[in-house]
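# coordinates for the following, if possible.
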Amino acid sequence: MHGIDRYLNRWCNAIRARAELQEGQALIEYALILGLVAVLTIGVLQAIGANVSGLLNQISSSMSSVSNP
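Sure, this is the predicted structure:
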């Protein structure tokens with residue numbers, strides 16, 4: 001019976017090690033996806049940043065011309 005316990009213990013340890021390896025791999029994948037989203041967001045904001053800035057300035061000018069009751 002002692003041999004079976006040792007075999008099961010090794011088997012459980014191998015499964016735990018495999019699960020930890022997959023968790024680390026998933027963490028790296030999430031970090032890569034987050035990095036890609038950040039780079040794309042920065043690129044899009046730089047591409048349309050001037051348009052948004054002009055639009056906000058136009059809105060600000062329009063709002064400042066409205067009288068306050």
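
# so which residues of the protein form helices?
Along the chain, the stretches classed as helices by DSSP state H are 2-64.

# mind showing which ranges of it have poor pLDDT?
Along the chain, the parts satisfying pLDDT under 70 run over 1-2, 21-24, 69.

# same thing but at 90, please
1-31, 41-57, 60-69 (pLDDT under 90).

# from Leu8, how far out is the spatially most central residue of the chain?
Centroid-nearest residue in the chain: Leu34, 3.3 Å away (criterion: CA atoms, centre = their mean). Going from Leu34 to Leu8 by CB to CB, to the nearest Å gives 39 Å. Yep, even glycine has a C-beta here, placed from its N, CA and C like the rest.

# likewise Ala31?
Here Ala31 is placed at a distance of 35 Å from Leu8 (CB to CB).

# can you give me the buried ones in stretch 35-44?
Residues of stretch 35-44 include none that count as buried (16 or more other CB atoms under 10 Å).

# and it, C-alpha only, in PDB?
This file holds the C-alpha atoms of stretch 35-44, laid out as PDB (Å, rounded to 0.1, in the frame of the first residue of the first chain):
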ATOM      1  CA  GLY A  35       0.800  45.500 -24.100                       C
ATOM      2  CA  LEU A  36      -0.800  45.200 -27.600                       C
ATOM      3  CA  VAL A  37      -3.900  47.100 -26.500                       C
ATOM      4  CA  ALA A  38      -1.800  49.800 -24.900                       C
ATOM      5  CA  VAL A  39       0.300  50.300 -28.100                       C
ATOM      6  CA  LEU A  40      -2.800  50.300 -30.300                       C
ATOM      7  CA  THR A  41      -4.600  52.800 -28.000                       C
ATOM      8  CA  ILE A  42      -1.600  55.100 -28.100                       C
ATOM      9  CA  GLY A  43      -1.400  54.900 -31.900                       C
ATOM     10  CA  VAL A  44      -5.100  55.600 -32.300                       C
END
